[in-house]
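Asker: starting from these lines, generate the structure:
(one chain, ligands or ions: 1)
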Amino acid sequence: MALTGIQIYKLLPKTNCKDCGFPTCLAFAMKLAAKQVELSACPHISEEAKAVLAESASPPIRLVTLKADGYEVKAGNEVVLFRHEKKFYHKPGFFIRERDDASLDQIRERVAATDAYTVNYVGMDLTLDGFAVESASGDPTTFSQAISAVRAVSQRPLILMSRDPGVMAAGLQAVNGEAPLIYAADADNWEAMADLAKQHQAPLAVFADSLEGLADLTQKIKARGVEDMVLDHGARDLGTSLARNTVIRRLALKKTFRPLGYPIIAFPGDAGDAAWEAILAAHAVAKYAGFIVLDHTAPEMLYPLLVLRENIYTDPQKPIQVQPGLYEINDPSPEDPVLATTNFSITYFSVANEVEGAGLPAWLLVTDAEGMSVLTAWAAGKFDAERIAKDVRRFHVPDKVHRKRIVIPGHVAVISGELEEELPDWEVRVGPREAVDLPTYMKEALV
Ligand code: SF4
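Answerer: You can find the predicted model right below:
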């Protein structure tokens, strides 16, 4: 747990020498507690105090990063139990499991398809993050060949899965130079697995069927020199899994319990059934998993999971926005109308999709309303006549259109008079309240 200013002050020399640039040690301690200065600014601090302060400054949940060829999946460094308290920072990585008892052709074909899977959601391309290769055969050569087959068609980060250190050593050899997540150390193999993790500077997943067992193992593995760990608490059912994930997060954040201060890995696919897998995966996204290993790849499961993850890991105080500007829909001519809306992404996509889908050409003026929807922005004074007129000029709209017609959303009909004053040579029209009614309105009222 982070120390308070007073707790930090007790560890300082208390000489008020001012060498740190502050008039007193207490002033420096307060700044340090607020993370506004570096500990190194005090040259007189003892090694003992330095160690205590450095420990308190390290994050309660260790950040673990999987990297490969420009791809990166980060988990950990979270600071809250509930998203509304601040935000969740690192989206859990989705990894698709391949077992080495499948044929190499099958593996290559499936991985290539999953690697290319992308869905566009409010302007963002959402993809999966990597692959987990499991040794079902128990044979080192078969495992290596399966890993090489995955690597032949995807460069995304990997999780290698075997409890046999000999098999794992062969797998790590197949991706020599990379640092995949090694899954897993347990009560029987942890020394050999820890040595492999150290040798390859790779993070190590640790498995135990109880939190006590898990904490015991992580401490032993840390003492052997491995810092980056990931936790598998063994529960696969919804209730126990939720309870253990929550206890781990709570102990890490509220008690700074370092033995469980690591990201969690979840295996929804172990449920076997696709519907249960989807439920368990959704629960893992919402409740604290850092890495999620899936077995099914049906788009009807992946798409909602990707969207769910995106929504949970956005900043609740910051709406998703699109870039303000003048957007062209269906190749508009200078005679086509200008539709004004805000830069809240859902508003933008609702309007753009309706007009585009109807095949109607238009200019879409997206006004900087700080990411708010039409009514909210208007109520907050962020979508008014002055702002719209300003953006008409900022984005050089008069240079694009001959017939100066601008349509404002029906919800803000009240500003039409003011907008006519701001844009005296424009025809200001009040459109429908809902985007879904725009095509009909454009066909009937904008002729
Ligand atoms: S340099 Fe260190 S000892 Fe001197 S005033 Fe600052 S905190 Fe205190």
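
Asker: which residues in the stretch 151-300 of the chain form strands?
Answerer: 158-161, 181-185, 204-207, 229-232, 264-266, 289-294 (DSSP state E, counting those that start in this stretch).

Asker: which one of those lies nearest to D331?
Answerer: strand 289-294 (40.4 Å; Cβ to Cβ). Placement of C-beta: from N, CA and C, glycine included.

Asker: other residues contacting that closest one?
Answerer: If you take Cβ atoms under 8 Å, 6 or more residues apart in numbering as the criterion, strand 289-294 is touched by 64, 73, 75-76, 90, 92-97, 132, 159, 181, 230, 245, 263-269, 277, 281, 284-285, 301-302, 305.

Asker: need the buried ones from these selected in PyMOL.
Answerer: Only the buried entries of the contacts of strand 289-294 go into this PyMOL selection, using 16 or more other Cβ atoms under 10 Å:
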select buried, resi 64+73+75+76+90+92+93+94+95+96+97+132+159+181+230+245+263+264+265+266+267+268+269+277+281+284+285+301+302+305
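
Asker: which stretch among the strands of the stretch 151-300 of the chain comes nearest the ligand?
Answerer: Closest to the ligand of the strands of the stretch 151-300 of the chain, according to Cβ to the nearest ligand atom: strand 229-232, at 34.5 Å.

Asker: how far out from the middle of the chain is that closest one?
Answerer: Chain-centre distance of strand 229-232: 19 Å, with Cα atoms, centre = their mean, to the nearest Å.

Asker: what is that strand packed up against?
Answerer: On a contact count with 3 or more Cβ pairs under 8 Å, 6 or more residues apart in numbering; DSSP states H and E, strand 229-232 meets strand 181-185, strand 204-207, helix 211-223, strand 264-266.

Asker: chain center to the second one: distance?
Answerer: When you say that, I think you mean strand 204-207. Using Cα atoms, centre = their mean, the offset of strand 204-207 from its chain centre is 22 Å.

Asker: send me that strand as CSV with only the CA atoms.
Answerer: This file holds the C-alpha atoms of strand 204-207, laid out as CSV (Å, rounded to 0.1, in the frame of the first residue of the first chain):
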residue,chain,number,x,y,z
LEU,A,204,5.7,-17.6,-15.6
ALA,A,205,2.1,-18.7,-14.9
VAL,A,206,1.7,-20.4,-11.5
PHE,A,207,-1.0,-22.9,-10.8
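
Asker: and that strand, which strands flank it?
Answerer: Note on strand 204-207: by DSSP bridges, its sheet partners are strand 181-185 (parallel), strand 229-232 (parallel).

Asker: as TSV, those with distance to the ligand would be great.
Answerer: Shown next, in TSV, are the strands paired with strand 204-207 (distance: least, Cβ to the nearest ligand atom, whole Å):
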stretch	distance to the ligand
strand 181-185	41
strand 229-232	35
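
Asker: redo those strands as JSON lines? Include mean pLDDT.
Answerer: As requested, those are arranged in JSON lines below (pLDDT from 0 to 100):
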{"stretch": "strand 181-185", "mean pLDDT": "98"}
{"stretch": "strand 229-232", "mean pLDDT": "98"}
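
Asker: pLDDT weak spots in this structure?
Answerer: Within the chain, the stretches with pLDDT under 70 are 1-2, 35, 57.

Asker: tell me the domain ranges of it?
Answerer: Using automatic domain parsing, the domains assigned to the chain come out as 5-57, 64-312, 325-445.

Asker: right, and those - which one's nearest K318?
Answerer: Among the domains of the chain, domain 325-445 comes nearest to K318, with 7.0 Å by Cβ to Cβ.

Asker: do you know how far the closest residue to E227 other than its chain neighbours is from the ligand?
Answerer: Spatial nearest neighbour of E227, chain neighbours left out: R62 (7.2 Å); criterion: Cβ to Cβ, 6 or more residues apart in numbering. Counting by Cβ to the nearest ligand atom, to the nearest Å, the gap from R62 to the ligand is 29 Å.

Asker: alright, I will stop here.
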